[in-house]
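S.K.: Need the 3D shape of this:
(chains A, B and C)
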Amino acid sequence: MPKNHSFEDGFNIREFETFEGNIRVHPDATIGRGSSIGQDTLILNAVLGTVNIGSNCIIGNYSMLEDNVTVGDGSKIWHFCHIRKDSEIGKNCILGDYVYIDSGVVIGNETKIQNYVPVYHGVEMEEGVFLGPNSLTTNDMLPRARTGQGNIQEQSDWKVSPTHISKDASIGAGAVLRPGITIGEKALIGAGAVVTKDVPAGAVVVGNPAKILRYVEGFEHK
Amino acid sequence: MPKNHSFEDGFNIREFETFEGNIRVHPDATIGRGSSIGQDTLILNAVLGTVNIGSNCIIGNYSMLEDNVTVGDGSKIWHFCHIRKDSEIGKNCILGDYVYIDSGVVIGNETKIQNYVPVYHGVEMEEGVFLGPNSLTTNDMLPRARTGQGNIQEQSDWKVSPTHISKDASIGAGAVLRPGITIGEKALIGAGAVVTKDVPAGAVVVGNPAKILRYVEGFEHK
Amino acid sequence: MPKNHSFEDGFNIREFETFEGNIRVHPDATIGRGSSIGQDTLILNAVLGTVNIGSNCIIGNYSMLEDNVTVGDGSKIWHFCHIRKDSEIGKNCILGDYVYIDSGVVIGNETKIQNYVPVYHGVEMEEGVFLGPNSLTTNDMLPRARTGQGNIQEQSDWKVSPTHISKDASIGAGAVLRPGITIGEKALIGAGAVVTKDVPAGAVVVGNPAKILRYVEGFEHK
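M.R.: Below you'll find the predicted structure:
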């Protein structure tokens, strides 16, 4: 039987610092100059540039928020997330672990983004959208690593095809959205579906390529 | 030709601390009060709540284990993992990088979970299961970000559909399991398959939706 | 209205250290003995074993490079990456966040690897390859967690089926490559495709299983 060492004495505990308005900050968090953080917000071991975080938020461990990021009141950004510059997270959102938000992306209120989801620039999301674990938005129809001249492609070498996700739509686990399409209001994209064209409001689509299976209640006759 | 700077003098090396029973702990690891760790276990730069780790284990860099997590003897949890409260990892398991184990999940002995795999609560796994990279378990048949009243959904707003994975089953890379299904013993789910219904013991399934291709040796006549 | 606390005084800023040749190193980075780093390279909060990094490189936050890793001039390895021992990254490559490069893998020049991509050993990649977000290479045809004797499988218990990706090929978001196949030069694998057999040079393939849709310009008559 193995002999366990017990760490009862509080080995290497690091205490949080509390600021006015009950803002608690992990001692290893790095916060940029000129940042502003609302009351009752909890900042774990994260790296923050110059940011504006609302009240009642949580920013998790090992997460990075770059310059000029805005996070609305009541939103939670969990662990291992990377929120790039100039992006804007609405109110009461929940971002799971390992979420990547590209530069300049705007996320509507009450959005729920599950683990391992990247949201690339050119993706527009209305309010109340659900992005299941590992679901994928894309923005480049013909992706290549290098140009015809053999140089690595820079952002100016390719064209963004914008994707639009309407309010209260739900994208299932592992589903992939091709660039340049629109997902209608309340549409339900099945787990693992590969969506290659526009999806009407309220449609339930499944398969590769995705096809309409039925409509959700309230959208039957549309 | 660029001139390289050589860091031969041991720049910024951090030495491990060794405790009785040859428990080695990274100097930046944080371990909660009342934790217990078995002999010959290695804790890298991780964040541990109040946990019970067996002997001959490894906990990697940038991994987090929340309160009341138990890890059996001989198990390795590599880097960037997040093991949530009250979950239980069996003996001799290997969890790769970026693995997410939800609250209360029980993982059987000799389980191998590859990179980027989330295991959500409601998923029951017997012993010897293999989860390929990016394979997905799910637990919500009709996921939505917010309720009919427009509020962000809390856990009480939706119903977990349990998934059961029987012993020695193997889920291929990027495969997706819809909620509420059972995967039989020794079944083999092909890479990229989208599994929408129960899979019998020993069946090999591929495609979207997944269909039975054949049976593995020993299960042909079942 | 919530009262925000302002962190204008430069709360917890950590300054970089600059070495000869304009090598800048984050104060929390750990660099192994005997490492060599080229001029104008930026090392953020990363953990490096004994490595050789070229000039004009960037190594991101929370990334790990194990012993004997080589990174060519001009390459960027962003955040949360894990580059395992004895692997070699070419020149002018871009590796996004959460990228996993297995032991001994060789990545050609001007390769672009997007977020959440694992490249396993046994995968051979020529120059100018594009791997879309969440695309998957695999190397084990019949993955199992444990042997017939009930022990966890070690590397010696299974056979690597090598995958070959030819120059300037592009693998779409969420696509999965079965083990043991060859992707031809300039081939384009559609988003979400599951590739089960060899793909000729210049072919565009989509679906599960992937089928040839057309050929890219210059490869029509091949």
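
S.K.: quick one: low-confidence ranges for chain A?
M.R.: A:1-2, A:9-10, A:221-222 (pLDDT under 70).

S.K.: Can you give me the neighbour number for residue A:44?
M.R.: 21 (other Cβ atoms under 10 Å in any protein chain shown). For every residue, glycine as well, the C-beta is placed using N, CA and C.

S.K.: That one touches residue A:61, doesn't it?
M.R.: Yes: in this structure, residue A:44 is within contact of residue A:61 by Cβ atoms under 8 Å, at 4.6 Å.

S.K.: any residues in contact with both of these two?
M.R.: Common contacts of residue A:44 and residue A:61 (Cβ atoms under 8 Å, 6 or more residues apart in numbering or on different chains): A:26, A:79.

S.K.: In space, what's closest to residue A:163 - neighbours in sequence excluded?
M.R.: Spatial nearest neighbour of residue A:163, chain neighbours left out: residue A:123 (4.8 Å); criterion: Cβ to Cβ, 6 or more residues apart in numbering or on different chains.

S.K.: Within its local environment, how many residues does the one you found see?
M.R.: 23.

S.K.: Strand partners (parallel or antiparallel) of the host helix or strand of residue A:6?
M.R.: Taking DSSP states H and E as the criterion, residue A:6 maps to strand A:5-7. In the sheet containing strand A:5-7, its partner strands are strand B:35-37 (antiparallel), by DSSP bridges.

S.K.: give me the number of residues near residue A:33?
M.R.: 13.

S.K.: And it, how far from chain C?
M.R.: 5 Å (Cβ to the nearest Cβ, to the nearest Å).

S.K.: Provide the contact partners of the strand holding residue A:6 at residue level.
M.R.: In contact with strand A:5-7 (Cβ under 8 Å, 6+ apart) are residues B:19-21, B:23, B:31-39.

S.K.: Just the buried ones out of the residues you listed, please.
M.R.: B:19, B:23, B:31, B:32, B:35, B:37, B:38, B:39 (16 or more other Cβ atoms under 10 Å in any protein chain shown).

S.K.: Could I get the contacting residues of the first one?
M.R.: Pointing back at residue B:19 there. A:5, B:25, B:37.

S.K.: Return the distance of it relative to chain C.
M.R.: Taking Cβ to the nearest Cβ, one finds residue B:19 at 21 Å from chain C.

S.K.: repeat for the fifth one
M.R.: Counting by Cβ to the nearest Cβ, the gap between residue B:35 and chain C amounts to 23 Å.

S.K.: Then the second one?
M.R.: Residue B:23 sits 21 Å away from chain C, going by Cβ to the nearest Cβ.

S.K.: ok, now residue A:179?
M.R.: Residue A:179 is 8 Å from chain C, where distance means Cβ to the nearest Cβ.

S.K.: element containing that residue, please.
M.R.: Residue A:179 belongs to no helix or strand, assigned by DSSP H and E.

S.K.: can you count the residues close to it?
M.R.: Other residues close to residue A:179 by other Cβ under 10 Å number 21.

S.K.: List the contacts of the closest residue to it other than its chain neighbours.
M.R.: Sequence neighbours aside, residue A:161 is the residue nearest to residue A:179 in space, at 3.5 Å (criterion: Cβ to Cβ, 6+ apart). For residue A:161, the contacting residues are A:122, A:139, A:140, A:141, A:179, A:180, by Cβ under 8 Å, 6+ apart.

S.K.: I'd assumed the fourth one was in a strand, is it?
M.R.: If I follow you right, that is residue A:141. No: Residue A:141: not assigned to a strand; according to DSSP: H, G, I helix; E, B strand; the rest coil it is coil.

S.K.: before we move on, the earlier item: quick one: the residue nearest to residue A:163 from residue B:54, how far?
M.R.: 44 Å (Cβ to Cβ, to the nearest Å).

S.K.: How about residue A:24?
M.R.: 33 Å.

S.K.: Kindly report the same for residue A:115.
M.R.: In terms of Cβ to Cβ, residue A:115 sits 27 Å off from residue B:54.

S.K.: ok, now residue A:34?
M.R.: Distance of residue A:34 to residue B:54, computed by Cβ to Cβ: 47 Å.

S.K.: Just the endpoints, please. Distance across stretch A:153-164?
M.R.: The first residue of stretch A:153-164 is 25 Å away from its last residue (Cα to Cα, to the nearest Å).

S.K.: List the buried residues for that stretch?
M.R.: So stretch A:153-164, judged by 16+ other Cβ under 10 Å, has buried residues A:153, A:163, A:164.

S.K.: try stretch A:184-196
M.R.: Buried-residue list, stretch A:184-196, by 16+ other Cβ under 10 Å: A:184, A:186, A:187, A:188, A:189, A:190, A:191, A:192, A:193, A:194, A:195, A:196.

S.K.: and if you look at stretch A:86-96?
M.R.: A:87, A:88, A:89, A:90, A:91, A:92, A:93, A:94, A:95, A:96.

S.K.: so who does residue A:156 touch?
M.R.: Residue A:156 neighbours (Cβ under 8 Å, 6+ apart): none.

S.K.: does it count as helix, strand or coil?
M.R.: Assignment for residue A:156 (three-state DSSP): helix.

S.K.: Against residue C:91, how distant is it?
M.R.: 21 Å.

S.K.: Residue A:179 now?
M.R.: According to Cβ to Cβ, residue A:179 stands 29 Å off from residue C:91.

S.K.: do residue A:60 as well
M.R.: 35 Å.

S.K.: rewinding a little: looking at residue A:24 and residue B:54, which is more packed in?
M.R.: residue B:54 (23 against 16).

S.K.: residue contacts, the more buried one?
M.R.: Counted by Cβ under 8 Å, 6+ apart, residue B:54 has contacts A:2, B:38, B:41, B:71, B:72, B:73, B:74, B:75, B:91.

S.K.: Repeat the analysis, applying 10 Å as the threshold.
M.R.: Residue B:54 makes contact with A:2, A:4, B:36-41, B:70-75, B:89-92, according to Cβ atoms under 10 Å, 6 or more residues apart in numbering or on different chains.

S.K.: do residue A:24 as well
M.R.: Residues near residue A:24 by Cβ under 10 Å, 6+ apart: A:15, A:16, A:17, A:18, A:40, A:41, A:42, A:43, A:44, A:58.

S.K.: Kindly recompute the last result at 8 Å.
M.R.: Applying Cβ under 8 Å, 6+ apart, the residues near residue A:24 are A:16, A:17, A:18, A:41, A:42, A:43.

S.K.: Which of the residues you listed sits closest to residue C:145?
M.R.: Of all the contacts of residue A:24, residue C:145 sits closest to residue A:42, with 37.6 Å by Cβ to Cβ.

S.K.: show me what contacts residue A:135?
M.R.: A:114, A:117, A:171, A:172, A:173, A:174, A:175, A:176, A:177, A:189.

S.K.: picking that back up, among the contacts of residue B:19, which one lies nearest to chain C?
M.R.: residue B:25 (15.5 Å; Cβ to the nearest Cβ).

S.K.: surely that closest one meets residue B:31?
M.R.: Yes: contact criterion Cβ under 8 Å: residue B:25 and residue B:31 qualify, at 7.1 Å.
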